[in-house]
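> everything below, folded, please.
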Amino acid sequence: MQLLPADALPEPPKDRHNAYGNSYYYLPAKRRLFVRRQRFDNSGSFMMAVIHAIAHIKADPETFSDANPMFVQEYYRTLEVCGQEMFSQTERLTKLQQSAAAE
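As a prediction, the model looks like this:
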């Protein structure tokens, strides 16, 4: 999948009930995820929008409704994986810093 910044996005369908519907747009045929450029200004905001989009893409790339139970399951699974990776990286950095300080 290709992740691209976007200055403007198409208006999301009103029936999608998507909390981040104004933050990204996915083109399934080209596997392109466009994320509103302002989301790139804050790493937390960017991460949440991308996690939300990835969960929708994995659950059902056509509907993008937050009420879809497959989306909810995938959303929490994706948050879990990101959290594990974040803590894993933090642990590795801490060990590197301790090792460097001991030298």
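> so where's the chain shaky on pLDDT?
Within the chain, the set of residues satisfying pLDDT under 70 is empty.
> by residue count, tell me the biggest helix in it.
helix 69-102 (DSSP state H).
> now that one: buried residues?
Judged by neighbour count (16 or more other CB atoms under 10 Å), helix 69-102 contains these buried residues: 71, 74-75, 78. For glycine as for every other residue, the C-beta is placed from the backbone atoms N, C-alpha and C.
> count of residues packed around residue 9?
15 (other CB atoms under 10 Å).
> which one is residue 72 nearest to, not counting chain neighbours?
Of all residues not flanking residue 72 in the chain, residue 66 sits nearest, at 7.5 Å (CB to CB, 6 or more residues apart in numbering).
> got the CA positions of stretch 79-95 in PDB?
Provided in PDB are the C-alpha atoms of stretch 79-95 (Å, rounded to 0.1, in the frame of the first residue of the first chain):
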ATOM      1  CA  LEU A  79      -3.700  -0.800  18.300                       C
ATOM      2  CA  GLU A  80      -2.300  -3.700  20.200                       C
ATOM      3  CA  VAL A  81       0.400  -4.400  17.600                       C
ATOM      4  CA  CYS A  82       1.400  -0.800  17.500                       C
ATOM      5  CA  GLY A  83       1.600  -0.600  21.200                       C
ATOM      6  CA  GLN A  84       3.700  -3.700  21.400                       C
ATOM      7  CA  GLU A  85       6.100  -2.300  18.800                       C
ATOM      8  CA  MET A  86       6.300   1.100  20.500                       C
ATOM      9  CA  PHE A  87       7.200  -0.500  23.900                       C
ATOM     10  CA  SER A  88       9.600  -2.900  22.200                       C
ATOM     11  CA  GLN A  89      11.500   0.000  20.500                       C
ATOM     12  CA  THR A  90      11.500   1.900  23.800                       C
ATOM     13  CA  GLU A  91      13.000  -1.100  25.600                       C
ATOM     14  CA  ARG A  92      15.700  -1.500  22.900                       C
ATOM     15  CA  LEU A  93      16.600   2.200  23.100                       C
ATOM     16  CA  THR A  94      16.800   2.100  26.900                       C
ATOM     17  CA  LYS A  95      19.200  -0.900  26.800                       C
END
